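One predicted model, sequence on top.
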Amino acid sequence: MTALLSIKDLVVRFRTPRGLLEAVRGVNLDIPAGASVGIVGESGSGKTVMSRAAMGLLSGSNVERSGSVMFDGQELSSLDSVQVREYFGTGMAMIFQDPMTALNPVRRIGTQISEGLRVRLGMSKKDAMKRSAELLAKVRIPDPEAVLRKFPYQLSGGMRQRVMIATAIACNPKLLFADEPTTALDVTVQAQILNLLADLRKDLGMSMVLVTHDLGVVANNTDFVAVMYAGEIVEMAPTTELFANMKMPYTEALLKSIPKIDAPTEKRLPVIEGRLPNPTDRPEGCGFASRCSYAQDKCRQDRPELEDAGNGHLYRCWYPLGSTIARKSS
Ligand code: SF4
């Protein structure tokens, strides 16, 4: 399948008073046209920094970035910030975890949605408002005309996220990045928003990148999953293959930390003990070694490279799940 977005050897470092902080370490990732790809990892794993760098949203004198990001045949790193901004809305769009920080609290919903239509598509005020109401209907907001006149604080969290989605899809982007789009919402609303995103993706023929800490969210909503840990992709596979033949102990630990619907409520959820390695002073071997229940001496000494298990499945582990002989014999 042709890649709409192709990320090659992306490295992002931040200059900090504590030294050079390497947030993304040589990521390679293709997002095929029309596909839904999940990027999963704990907070601090580099998934959000990687996504923002891919969209050209990281700038500042303390940021060092290298590697290539090709979007729809255009190398984004060769564009200046004005040109990158022109891609927004029409090429790529993004929705965030907390719509309250993305929406302007003192402007009416109609003004906020229609602004992009007027600036990017040159619509008249009247046409942009009419289209904004259609977009609110498309994201299943009842009584869109009334909602156009409201302020963000007058809407529930789920409604605000629908408004953000309407704003993001207003100019028919080819690729939608959704960064933890349901984390701030309760479970029922989460499911509604994920269903809405899946339907919009199909209707509009968009590609989608779903960035989340929750492996459960990607299970039913993506075609392909990349798991990130300490700034690297540590496992990557088609979604069904990943869940059928999981290789990485880290991915397994993420899976175990998902709440089970039938689990006793008094039982605490398993957590991944320990911490991510210090990004300014990384250990020699596998970054997960201090937290991994399968770790052996080799893990602490040598850094594993990505291995190909076939079926489009890559993993970064000396002793992948299922290879008990390798574990015993080392
Ligand atoms: S390389 Fe070793 S420490 Fe790292 S995930 Fe695999 S088994 Fe665990």
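That came through, no problem. Numbering: from 1, shown residues only.

Only C-alpha atoms from now on, for both contacts and neighbour counts.
OK.

Next to the ligand, which bits of the stretch 151-300 of the chain? Give me the list.
Residues of the stretch 151-300 of the chain lying near the ligand by Cα under 6 Å from any ligand atom: M248, P249, C286, F288, A289, C292, Y294, A295, C299.

Make a PyMOL selection of whichever of those residues turn out to be buried.
In PyMOL, this line selects whichever of those come out buried by 16 or more other Cα atoms under 10 Å:
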select buried, resi 248+249+286+288+289+292+295+299
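
Tabulate the residues of the stretch 151-300 of the chain next to the ligand (CSV), appending secondary structure and pLDDT.
Shown next, in CSV, are these (DSSP: H, G, I helix; E, B strand; the rest coil; pLDDT from 0 to 100):
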residue, secondary structure, pLDDT
M248, coil, 96
P249, helix, 96
C286, coil, 96
F288, coil, 95
A289, helix, 95
C292, coil, 95
Y294, coil, 94
A295, coil, 95
C299, helix, 96
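
for the residues of the stretch 151-300 of the chain next to the ligand, which one is nearest D199?
Of all these, D199 sits closest to M248, with 31.0 Å by Cα to Cα.

Now for the closest one: which residues touch it?
Counting by Cα atoms under 8 Å, 6 or more residues apart in numbering, M248 makes contact with V234, E235, Y315, R316, C317, P320, L321.

now the residues of the stretch 151-300 of the chain next to the ligand in TSV, with distance to G205?
Shown next, in TSV, are these (distance: Cα to Cα, whole Å):
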residue	distance to G205
M248	32
P249	35
C286	39
F288	37
A289	41
C292	40
Y294	42
A295	43
C299	43
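
what about the residue most central in space within the chain, which helix or strand?
Closest to where the C-alpha atoms of the chain average out (Cα atoms, centre = their mean) is V211, at 1.8 Å. V211 is part of strand 207-212 when elements are defined by DSSP states H and E.

Repeat that for L4.
Per DSSP H and E: strand 3-16 holds L4.

Likewise for V218?
Per DSSP H and E: helix 215-219 holds V218.

name the helices or strands packed onto that helix?
strand 36-40, helix 239-244, helix 249-256 (3 or more Cα pairs under 8 Å, 6 or more residues apart in numbering; DSSP states H and E).
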